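In: Next input, structure requested:
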Amino acid sequence: MHDAMRTRTIGHRHVGVIGLGAMPMSVTGHMPDERQAIRTVHAALDAGITLIDTADAYTPSHTDIGHNERLVARALSQWPGDAGTVLVATKGGHTRTPGGGWSVDGSPAYLKQACDRSLKALGVDSIGLYQHHRPDPAVPYEETIGALKELHDAGKIQMAGISNAGPDQIRLAHDILGDRLVSVQNEYSPRFRSSEPEIDVCAELGLAFLPWSPLGGMSSAGELGRRHAAFTEIAEAHGVSPQQVCLAWELARSPVVIPIPGASRPETILDSVAAATLELGEEELARLG
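Out: Numbering: from 1, shown residues only. Predicted coordinates for the structure are as follows:
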């Protein structure tokens, strides 16, 4: 692990305090070419990142499910380091529809099918962290979570997580899964702070909280400093980017928080990694809210 990268815990695994969200590498309108995407993954790994988050639905088209998972697998196979030190987290249950749309399917049968497909796309016998991507209003949540339990007990996944879940859903999943449940992945950023209660529940239950879109989303990350003046002012005082301040602010929120910023260029993820060593004072944190 890179000297500059501290660690936090997801279940039994220690990972760097910053992860890589791989979505920008496979979504229409934001796709780099494959060589650049692989260089970005390698830059992240070389800098000490040991958590890569992907999903079967991260794809430019509903006809190419698993695009991002296969890309991550290729990047890991070409990396000269020890790929065994990297925790790959993927998700199932959020589906793609013709025309670039999104839907959900939380049925146990679909989730098991999706997991099998992800195993093949990633080229592994067991997925390090498998997360239910988004609740399906048409399926009782306990049935969906029960499928995660069955996948774990069958050895197809090593740890289970949930995403886009509220406090009651987190507690229900924890009741069903016990220590199989290790993480919750919800949106959280300066512009989207309504996941504060979920962070607190994760801290109470000992679960990792993985903020998705921690910089405000692909279309908003570059505008962070303009939209939130305090982040720019504090960044200038430290001689760093507002994005680094944002990630450091999230890390300071709770020891269970592990941001997973997206990146499509090596320079972007290296800037994010630098947030691991940025310490903000109490007065600065108070200004950021």
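In: Output the helix or strand bottoming out on mean pLDDT in the chain as CSV, nothing but the C-alphas.
Out: One helix or strand of the chain scores below all others by mean pLDDT, DSSP states H and E: helix 224-227, with a mean of 72. Output in CSV follows, covering the C-alpha atoms of helix 224-227 (Å, rounded to 0.1, in the frame of the first residue of the first chain):
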residue,chain,number,x,y,z
LEU,A,224,-17.9,22.2,-6.7
GLY,A,225,-15.8,25.3,-5.9
ARG,A,226,-18.2,27.7,-7.6
ARG,A,227,-21.3,26.3,-6.0
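In: Please, where are all the helices along the stretch 1-150 of the chain?
Out: For the stretch 1-150 of the chain, the helices defined by DSSP state H, counting those that start in this stretch cover 34-46, 67-78, 108-122, 141-153.
In: before we move on, the earlier item: counting by contacts, list what the least confident helix or strand of the chain packs against.
Out: For helix 224-227, the packing partners by 3 or more Cβ pairs under 8 Å, 6 or more residues apart in numbering; DSSP states H and E come out as helix 229-238, helix 242-253. All C-beta atoms are positioned from the backbone trio N, CA, C, and that covers glycine.
In: I'd like to know how far the closest residue to A89 other than its chain neighbours sits from A229.
Out: Counting by Cβ to Cβ, 6 or more residues apart in numbering, A89 lies nearest to L129, which is 3.8 Å off, once chain neighbours are set aside. To A229, L129 is 36 Å away according to Cβ to Cβ, to the nearest Å.
In: So those two - more neighbours on which side?
Out: Between L129 and A229, L129 has the larger neighbour count (other Cβ atoms under 10 Å), namely 25 against 11.
In: doesn't S183 make contact with that one?
Out: Yes - counting by Cβ atoms under 8 Å, S183 is a contact partner of L129 at 6.5 Å.
In: Give the residues shared as contacts by these two.
Out: Residues touching both L129 and S183 by Cβ atoms under 8 Å, 6 or more residues apart in numbering: 10-11, 89, 159, 161.
In: Can you pick out the most distant pair from these?
Out: The span of those, defined through Cβ to Cβ, is set by G11 and A89 at 10.8 Å.
In: if we can go back for a sec, among the shared contacts of L129 and S183, which lie within strands?
Out: Mapping the shared contacts of L129 and S183 onto strands (DSSP state E) picks out 10, 89, 161.
In: Generate TSV for those residues, with neighbour count, distance to D82 and pLDDT as supplementary columns.
Out: Shown next, in TSV, are these (neighbours: other Cβ atoms under 10 Å; distance: Cβ to Cβ, whole Å; pLDDT from 0 to 100):
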residue	neighbour count	distance to D82	pLDDT
I10	23	18	98
A89	28	18	98
G161	29	23	98
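In: Out of those residues, flag the one nearest to V256.
Out: Checking these one by one against V256 (Cβ to Cβ), the nearest turns out to be I10, at 9.5 Å.
In: give the contact list for the closest one.
Out: 51, 87, 129, 159, 182-183, 208, 258.
In: mind listing what A138 touches?
Out: Residues near A138 by Cβ under 8 Å, 6+ apart: G106.
In: Can we start the residue count at 42 from this point?
Out: With 42 as the first residue, the last one maps to A179.
In: how far away is it from H103?
Out: Going from A179 to H103 by Cβ to Cβ gives 19 Å.
In: likewise Y151?
Out: 14 Å.
In: can you check D194 too?
Out: In terms of Cβ to Cβ, D194 sits 31 Å off from H103.
In: Neighbour count: those two, which is higher?
Out: Neighbour totals were compared for D194 and H103, and H103 leads with 16 against 10 (other Cβ under 10 Å).
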